[in-house]
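> predicted model follows, preceded by the sequence.
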Amino acid sequence: VEAKFTGVDRKNRAISLSVRAKDEADEKDAIATVNKQEDANFSNNAMAEAFKAAKGE
């Protein structure tokens, strides 16, 4: 079982863990990775198109 640490209750000497928070964090990281890849691909394609247009191809 994988979980994310969410807090400590010092009075009761208990820790709080959340499987849902871990899943949400993993999903958020995956979306951020995909967005970075798409931005990089778009930037590269846009730059290539601009050079082609400048050359007159």
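Happy to help now that I have it. Residues are numbered from 1 along each chain as shown.
> make it CA atoms for all contacts and neighbour counts henceforth
Noted.
> now do stretch 17-27, average pLDDT.
Across stretch 17-27, pLDDT averages out at 96.
> report the buried residues of it.
Neighbour-count burial for stretch 17-27, counted by 16 or more other C-alpha atoms under 10 Å, picks out K22.
> send the alpha carbons of that stretch over as CSV?
Provided in CSV are the C-alpha atoms of stretch 17-27 (Å, rounded to 0.1, in the frame of the first residue of the first chain):
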residue,chain,number,x,y,z
LEU,A,17,-1.8,9.1,5.8
SER,A,18,-3.9,9.4,2.7
VAL,A,19,-4.0,7.1,-0.3
ARG,A,20,-6.3,9.5,-2.2
ALA,A,21,-3.9,12.4,-1.7
LYS,A,22,-1.1,10.3,-3.1
ASP,A,23,-3.1,9.4,-6.1
GLU,A,24,-4.1,13.0,-6.7
ALA,A,25,-0.4,14.1,-6.4
ASP,A,26,0.7,11.4,-8.8
GLU,A,27,-2.0,12.5,-11.3
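> give me the outermost residue of this protein relative to its centroid.
Centroid-distance maximum for the chain: G56 at 38.1 Å, with C-alpha atoms, centre = their mean.
> so what touches stretch 3-21?
E2, K22 (C-alpha atoms under 8 Å, 6 or more residues apart in numbering).
> could I get the buried residue list for that stretch?
Taking 16+ other C-alpha under 10 Å as the criterion, stretch 3-21 shows none as buried.
> from the chain's centre, how far out does that stretch sit?
Centroid displacement of stretch 3-21 relative to its chain, using C-alpha atoms, centre = their mean, to the nearest Å, is 24 Å.
> quick one: end-to-end length of it, please.
End-to-end span of stretch 3-21 (C-alpha to C-alpha, to the nearest Å): 8 Å.
> just stretch 4-16 next, same as before
With C-alpha to C-alpha as the measure, stretch 4-16 spans 8 Å from end to end.
> repeat that for stretch 1-21.
With C-alpha to C-alpha applied, stretch 1-21 spans 13 Å between its terminal residues.
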